[in-house]
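Undergrad: here is a sequence with its predicted model. Questions after.
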Amino acid sequence: MGDTKIKLKVLGVILLVAASVFIYYSLPFTMGLDIQGGTRLVLQVESGRSSVPAEEALSGVIAVVRNRVDGLGVAEPIIQRKGDSQVIVELPGIKDPDHAIKILGETAQLEFVEAEWAPTDEKLLTPEKIRALYGENARLAKVEDGKDGRAASERLIVLKSTVLTGADLKGAWPSVDQYGNPVVDIEFNSKGAGTFANVTEKSVGRPIAIMLDKKVISAPSVREPIPSGKAQISGGFTAQQMHDLVVQLRGGALPVPVSVVETKIVGPTLGRDSLDKSIFAGIIGVITIVLFLTAYYRLPGFLASVALGIYFFLTIAVLCLFRTTLTLPGVAGFLLSIGMAVDANIIIFERLKEELKSGKKLRMAVEASFHKAFSSILDANVTTLIGAFTLFWLGTGTIKGFAVTLSAGIIVSMFTAIVITRFFLELMSDWNMVSDEKSSLLYRGFGK
Amino acid sequence: MKFDIVGKFRLWFFISAVMLGVGIAALAYNSFARGKAMNFGIDFTGGTVITLRFDQKAEIGRKIGDVRSILSGFDLRESVIQLVGENDLTIRSEPVDSDARAGIISELQSKFGSVELLEADTIGPVIGRELRKQAFWALLLATIGILLYVSFRFEFKYAVAAIVALWHDAIITVGIVALLWRSVDTVFVAALLTIIGYSINDTIVIFDRIRENKLKSRDQEDFGSVINGSVMQTLARSINTVMTTLFINVALLIFGGATLKDFAATLLIGFSLGAYSSIFIAPPLLYLTEKRFGKKKKRRA
């Protein structure tokens, strides 16, 4: 190699490492849930009996869940569909997972229902009698008068027909009534306000039932028509319940019910602890490998360790570039790919040893060993990549992270072994670092 | 230094048959005595796993009975409660919803003082079924992909020998994990696929050398001695590579966090088997298929 060419190559290697470090700092890793702690939910869309088409139901659920997550104020949430009927929700660093599960999982279907207080005569309280008296859709329900979420007394009410739903709302705000109890202020959109005005006019002296998910939460009696489209929902809420309801009403109701089929909660202590342990394990493993390589392969082994360092930077840069989420299995995949990266070097060095044994000069032997090792490195790595790709396809959350780091590691390792290690070995022979083929800087026990 | 790897194939096959036999016996024994072939985790069966950290002063290790009686109040008497380290408990049970979980934790708190929720997983039975299906397809797909690639780059019989070797590794790993009754979850499936990837890697490097030496020998040499020679030439690489991967694995096993320990243990078993099968199973298999189905005129030695 000419002097200029060598200098250019050295410069190339340095630039590559510098670029990697730059990428690492400008596009830092997102930590996975298993590391930074948080909650992962899988919601199953129960569109079985619903008239809403499955596809529409799913995209509707995703939109509403996204609104509610925004309402919860979670930084960097992930909301994505999984298959035909599931939604994955990842909420990093959330403090109260059970609360989040409750808010996201409830349908929050708000209904305003024309109603009347049930007759006191118990003989009339059968479904048939009620239908005969109040119309085909009428049915009985209970209203609980309560405070702070506890029921104090019960009253029977006859529900007639739903006149407005959560879809007619323009907004919802937390508030307090004149006694200081938490309530939710709502405002209807212009169409809803018109309907509400009509209904309240018709219902003066009678109650309007406000239902949430088919349960009557309050049934205020209408004293006068309300033309403004503004109303207040009181239901003996606690402050927390009030805030949850506001989030849900603002986010809209789910078009179909969902059930939570999978939850994963990771406390912040565990993930950090596991990451530190894994990194420590990785450092120990890498030090052992470097010692082994240098002891067994001498100078080439040391050069391979330097190449391994470059591999380390490059792989991290590639992972950052692809915006990979760092998970614990991902860290394991990365550490395992170091073994793979070393393997390519070992294949080459063993070849080099053979080529030297057959009497070739160092420079020629380096050429020949790379030439011959290439097909086995390629085939071996491609078959491993096939395995890694199927893992990616299996891909549930954290496993995907593992597949990604393993694949990236394999591809980068081929590059470092074939390009960087080769360059180092060529330097070694060109700069006469080893005096001859029998130098003690080459293999231990070589030639015996 | 010369070993007749190919000639002693009966010995290697016998060793593998014993390992396979032990594994299958373990699976059968588990099915009968324990009701399931492997210790399937909630990823496969559905259920809840909660990991809690208790206060040092609670001395929770001696009060597992009290924990169980609290769980009984939630209809979870059948839960598996396990002490991890000194202060952590893992509770595995039927699926528990978030209200019940919060209830359990608050009762434990009132009895034992501070209780920190480290981790809680709940998986519905439907998801478990899906995973089993996916795991099966992933293994099948990986096999087919490798079969096609190796057939294309080498020959079909190389591919068959390589596939048999990797299934050998996968099945024995499953058997050993069943024998040790270690928990099996998604991470285990990932470990199996990784083992397959490594096993094929080891085998391919040896096959690559066989392919090269066979071309060089121009059929002048017996295929058996070509294979023996190739295995010997790549032996140092095989040993050194498995050693470097095991360095990382052992480090993860000793120092790694709880999640990665099981993973590293499975890989340790599988990688060792992979190194073994790529030397002692795949090359003799290749020889036997060549002898049985190869063209007769090639054997002149």
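TA: Great, that's in hand.
Undergrad: what average pLDDT does the helix or strand harbouring residue B:208 get?
TA: Counting by DSSP states H and E, the secondary-structure element that holds residue B:208 is helix B:186-217. Across helix B:186-217, the average pLDDT comes to 87.
Undergrad: next SSE after that helix?
TA: Next in line after helix B:186-217, if elements are assigned by DSSP H and E, sits helix B:223-233.
Undergrad: how about the CA coordinates for that next one, as PDB?
TA: Once non-C-alpha atoms are left out, helix B:223-233 reads as follows in PDB (Å, rounded to 0.1, in the frame of the first residue of the first chain):
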ATOM      1  CA  PHE B 223     -15.100 -38.300   0.900                       C
ATOM      2  CA  GLY B 224     -14.800 -39.600   4.500                       C
ATOM      3  CA  SER B 225     -11.200 -38.500   4.800                       C
ATOM      4  CA  VAL B 226     -12.000 -35.200   3.100                       C
ATOM      5  CA  ILE B 227     -14.600 -34.600   5.800                       C
ATOM      6  CA  ASN B 228     -12.200 -35.800   8.600                       C
ATOM      7  CA  GLY B 229      -9.500 -33.500   7.300                       C
ATOM      8  CA  SER B 230     -11.900 -30.600   7.000                       C
ATOM      9  CA  VAL B 231     -13.200 -31.000  10.600                       C
ATOM     10  CA  MET B 232      -9.600 -31.100  11.900                       C
ATOM     11  CA  GLN B 233      -8.500 -28.000   9.900                       C
END
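Undergrad: need the next SSE after that helix, C-terminal direction.
TA: Immediately after helix B:223-233, counting by DSSP H and E, sits helix B:235-255.
Undergrad: tell me the mean pLDDT over that following helix?
TA: 89.
Undergrad: name the helices or strands packed onto the helix or strand that comes right after that helix?
TA: Beyond helix B:235-255 on the C-terminal side, the first helix or strand identified by DSSP H and E is helix B:258-280. In terms of contacts (3 or more CB pairs under 8 Å, 6 or more residues apart in numbering or on different chains; DSSP states H and E), helix B:258-280 is packed against helix A:268-321, helix A:328-357, helix B:9-29, helix B:156-180, helix B:186-217, helix B:235-255. All C-beta atoms are positioned from the backbone trio N, CA, C, and that covers glycine.
Undergrad: what angle sits between the next helix or strand after helix B:258-280 and helix B:258-280?
TA: Next in sequence after helix B:258-280, counting helices and strands by DSSP H and E, comes helix B:282-293. Helix B:282-293 and helix B:258-280 are oriented at 40 degrees to each other (axes from the mean of the first three to the mean of the last three CA atoms, to 10 degrees).
Undergrad: could you give the angle of the helix holding residue B:208 to helix B:258-280?
TA: Using the same axes, to 10 degrees, helix B:186-217 lies at 20 degrees relative to helix B:258-280.
Undergrad: ok, residue A:129 to residue A:138 distance?
TA: As judged by CB to CB, to the nearest Å, residue A:129 and residue A:138 stand 10 Å apart.
Undergrad: cool, and residue B:206?
TA: 81 Å.
Undergrad: which of these two has more residues huddled nearby?
TA: Neighbour count, other CB atoms under 10 Å in any protein chain shown: between residue B:206 and residue A:138, residue B:206 has more, with 25 against 19.
Undergrad: related to what we said a few turns ago, could the helices and strands packed on helix B:258-280 go into TSV alongside distance to residue A:32?
TA: As requested, the helices and strands packed on helix B:258-280 are exported to TSV (distance: least, CB to CB, whole Å):
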stretch	distance to residue A:32
helix A:268-321	8
helix A:328-357	7
helix B:9-29	33
helix B:156-180	25
helix B:186-217	14
helix B:235-255	17
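Undergrad: any idea which of the ones you listed gets closest to residue B:41?
TA: helix B:186-217 (8.0 Å; CB to CB).
Undergrad: please tell me how far the closest one is from the chain's geometric centre.
TA: Its chain's C-alpha centre and that of helix B:186-217 lie 16 Å apart, by CA atoms, centre = their mean, to the nearest Å.
Undergrad: so which bits of it are buried?
TA: B:186-214 (16 or more other CB atoms under 10 Å in any protein chain shown).
Undergrad: that helix near chain A at all?
TA: Yes: shown here: helix B:186-217 in contact with chain A (CB under 8 Å from any CB of the partner chain) through B:186-187, B:189-190, B:193-194, B:196-198, B:200-202, B:204-205, B:208-209, B:212.
Undergrad: contact partners for the residue in the stretch 1-150 of chain B that chain A sits nearest to?
TA: Of all residues in the stretch 1-150 of chain B, residue B:124 sits closest to chain A, at 3.6 Å by CB to the nearest CB. Contacts for residue B:124 (CB atoms under 8 Å, 6 or more residues apart in numbering or on different chains) come out as A:44, A:259, A:261, A:262, B:46, B:95.
Undergrad: and the spatially closest residue to residue B:237 that is not a sequence neighbour, how many neighbours does it have?
TA: The shortest distance from residue B:237 to any non-neighbouring residue, by CB to CB, 6 or more residues apart in numbering or on different chains, is to residue A:350 (4.5 Å). By other CB under 10 Å, 23 other residues sit near residue A:350.
Undergrad: same thing with residue A:227?
TA: Residue A:227, neighbours per other CB under 10 Å, totals 13.
Undergrad: what mean pLDDT does stretch A:8-17 get?
TA: Mean predicted confidence for stretch A:8-17 is 87.
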